[in-house]
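Visitor: Okay, here's the prediction I keep looking at, along with the sequence it came from:
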Amino acid sequence: MKYPHEVLQFAPSRLLTAMAAGAAMASPLAHAQQTPANAPVAQQTAQAEPADKVLPTINVKGQAEVEPKTYQPGVTTIGKVPTLPRDVPQTLNIMNESLLLDRGVDSMKQALAGVAGITFNAAEGGTPGGDNINIRGFTARGDFYMDGMRDASTYSRDIFNDERIEVLKGPASMLFGRGSTGAVINQVSKSPMLIDTGRIAVTAGQYSYGRATVDVNKVTGEDAAFRLNAMVQDSDSAREGVTSKRYGFAPSFRWGIGTRDEFQVSYYHLNYDNTPDLGFGWFQGKPVDAAADKFYGFANYDYQKDSADVATANWTHRFDKDTTLTTALRVGQYTRDLFATQATLANGTTSINDNTTVSRGTQPANNPAGENTNVYLQSTYVTRAEFWGMGHQLVGGIDFGNEDVQNFTYTQRATKPATTFGDPDTMAQIGPRGDKVKSNKYKDTSIGVFGQDTLELTKQWKLLLGLRYDYFNADYISPPPNTPNAIGTQYGRTDRLWSYRGGLIYQPSNSQSYYVSIGNSYNTSGDLYQFDARGANTPPEESRNYELGGKWELFGGDLSLSAAIFRTEKFNERNTDPDTTSTNYLLSGKRHTNGLELAASGNITPDWQVYLSYTLQSARIDASNAPASVGQRPGNTPIYAGNIWTTYKVTPKWKIGGGVERMSQRTPPDVVGAGVSTWGGNTNVAPAYTRYDALIEYDEQDYALKLNILNLTNKVYWDALYRGHAVPGQARTVLLTGEYKW
């Protein structure tokens, strides 16, 4: 049985369902927006037709040719069910493929630089990296998701298989379980569509940059399609000795599209082989600009090897036009091995010249090497109903997760020779590391049950209420020092958590939406796959978010605007007990961030489109075991940050564009239990910066040429911070892309 087109249709004219997927593309596939496989079948206003009626013939090719490119998203799936952004009572930033391609970005880190309020943390040689970020002053390293399911925090991501990236700001444990104090980042994967189309792109640029991507979609039957995305990249850096090699592929097959039972199976593989770059140490309270174009690590030894293998199976059962049950099973295996060098000046250094000694330290034996095997199962039920004189959209479900992590260590600490500031000496020899052996082991099991009701109180008023219960059990085995193969000490704890979400929405017209909302989140001691003796005895931290905002659709719905004021607070933060005999942390810390968020995406005119993200933040440490920290600003939390990107079609085939990224000064990130970095205490401060990017594109029906210039003025800025060092941002890079499409 097939459902008629008007039953399958979910959003306004810009969004067609999978049966007409491709209609939101200006060129086939390149900027597609289609309803995901787990979409509900109908809007509340859809009327059912006879069950045996077959979908009418749809000229998808014609639709694709007339539909404009746009940065404006059709729907979001970050709330468990496809929803118009105006119905989400929280700040939501969405970057779709059209925007990401125009900006010329290729990694998750580059993409997230377009979301105001996100800052990047560097790390030392013995600390796991991955996409290590802060949002609103709170860490979000463990808050990445792929298609609504938790993603491992241990690897660096490419965006070759992303249809869009959604950032839901503020606590969201009711939707996702533990974590999510500052925000949740959800990658929406590309999905097969019922249209034969494809895109091949090759990019070449400065510093031996080379990248090729393939995106091919093939209809294989009346209601089935196959899609393959693949990527390979090999590039150097302005910092000689820093290289990046990676490749990935993501096949997916979808069948039963638009029928009662729809299925999709997919596989995702990503492999990184990079030279990690930890930048350079601080000097007299500032980063060293003269070191921004030099690499002081070991090009012949330093490495970052990440891999991700993720298999997913989805089944959507449509009971009727209003009711669906979507079940997804995912198995992911992730590996990581890192050997990185932190270059710093000796204590007491008062000046820098070419002969100044640069220390490169000793590689910790416990450098981050590990293997993760994660299994997740989600089942979500969505229906619409009328009772108590009101309409209800009901969402309920269950999440199950099992994460198994084996870490490794080396039997020796590798000694590294010092060098001088004028001679990075990247090919020097280092001491032995010994053998790689098993170290600590972590395993957790989580079960979450949730329910949410969106009540339509009147035509203009909606009330959203959600509640979730989580059971979280984790065990951590830590071997004694210098005996990595010993059985070791076992820590464990079990947490039972209630989280909530509520929002009141007023929509006087289809172009206006105003809301007030509240939600909470929990951070357990095991969020990032580890415990210690005190953490195992410490309950979770809790955070809350209060938000008041509005969302508007202008120019006939072509431009989306939003504005919000918020307060995000963590009111029982872990602190080290001054009594060193204590067996647990104190939940005595408190901090908050008050702020303003502005966002825009879409078309001002048919030829002029814009994306904007801006935040203004007032952040403060309210309580801490380190008295000097109280009243200070948390680390890596800028006062303001903004990003604007705009393009204009000067002719039907020529497009120009540009972007501006601006961020205020900020200090390095906090150190839990050891005070914080503040402007009044620790004097290390990364200065404010402004970066400019540019675009020129020539677009024909079957091919396109695009020139991106990143960091147009070659501004020296520092975009990733750590208490011991800072990492410079990207130097000016010119990229030329040729694209063939059909």
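Guide: Done, it's in.
Visitor: CA atoms for contacts and neighbours, from now on please.
Guide: Noted.
Visitor: Tell me where the stretch 451-600 of the chain has strands.
Guide: For the stretch 451-600 of the chain, the strands defined by DSSP state E, counting those that start in this stretch occupy 461-478, 489-509, 512-523, 541-554, 559-575, 586-605.
Visitor: In TSV, list those strands along with mean neighbour count.
Guide: Below are the strands of the stretch 451-600 of the chain laid out as TSV (neighbours: other C-alpha atoms under 10 Å):
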stretch	mean neighbour count
strand 461-478	20
strand 489-509	18
strand 512-523	23
strand 541-554	22
strand 559-575	22
strand 586-605	21
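Visitor: Dump those into a markdown table; add distance to residue 112 as well.
Guide: Compiled in a markdown table, the strands of the stretch 451-600 of the chain are given as follows (distance: least, C-alpha to C-alpha, whole Å):
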| stretch | distance to residue 112 |
| --- | --- |
| strand 461-478 | 28 |
| strand 489-509 | 25 |
| strand 512-523 | 22 |
| strand 541-554 | 22 |
| strand 559-575 | 19 |
| strand 586-605 | 14 |
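Visitor: would you turn these into JSON lines with mean pLDDT and distance to residue 213?
Guide: Formatted as JSON lines, these follow (pLDDT from 0 to 100; distance: least, C-alpha to C-alpha, whole Å):
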{"stretch": "strand 461-478", "mean pLDDT": "94", "distance to residue 213": "40"}
{"stretch": "strand 489-509", "mean pLDDT": "94", "distance to residue 213": "40"}
{"stretch": "strand 512-523", "mean pLDDT": "96", "distance to residue 213": "37"}
{"stretch": "strand 541-554", "mean pLDDT": "96", "distance to residue 213": "34"}
{"stretch": "strand 559-575", "mean pLDDT": "92", "distance to residue 213": "30"}
{"stretch": "strand 586-605", "mean pLDDT": "92", "distance to residue 213": "26"}
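Visitor: Identify whichever of these lies nearest to residue 192.
Guide: For residue 192, the closest of these is strand 586-605, at 25.0 Å, according to C-alpha to C-alpha.
Visitor: Run through the chain and note the low-pLDDT ranges.
Guide: Regions of the chain meeting the criterion pLDDT under 70 cover residues 1-68, 123-130, 364-368, 480-487, 529-532, 576-584, 670-682.
Visitor: Mind telling me which residue is nearest the centre of it?
Guide: residue 185 (3.7 Å; C-alpha atoms, centre = their mean).
Visitor: How about the contacts made by residue 568?
Guide: Contacts for residue 568 (C-alpha atoms under 8 Å, 6 or more residues apart in numbering) come out as 136, 170, 171, 181, 182, 543, 544, 545, 546, 592, 593, 594.
Visitor: again but with residue 138, I slipped
Guide: Counting by C-alpha under 8 Å, 6+ apart, residue 138 has contacts 181, 182.
Visitor: Return the backbone torsion pair for it.
Guide: Torsion angles at residue 138 (phi, psi; degrees, to the nearest 10) stand at phi -120, psi 140.
Visitor: Across the sheet, point out what pairs with it.
Guide: Beta-bridge pairing of residue 138 under DSSP bridges involves residue 135.
Visitor: With residue 554 instead?
Guide: residue 559.
Visitor: Thought residue 509 was touching it, still the case?
Guide: No. Using C-alpha atoms under 8 Å, residue 554 is not in contact with residue 509, being 11.9 Å away.
Visitor: Wasn't the residue nearest to the centre of the chain part of a strand?
Guide: Yes. Residue 185 forms part of a strand when assessed by DSSP: H, G, I helix; E, B strand; the rest coil.
Visitor: OK, contacts around it?
Guide: Contact partners of residue 185, counting by C-alpha under 8 Å, 6+ apart, are 143, 144, 145, 165, 166, 167, 168.
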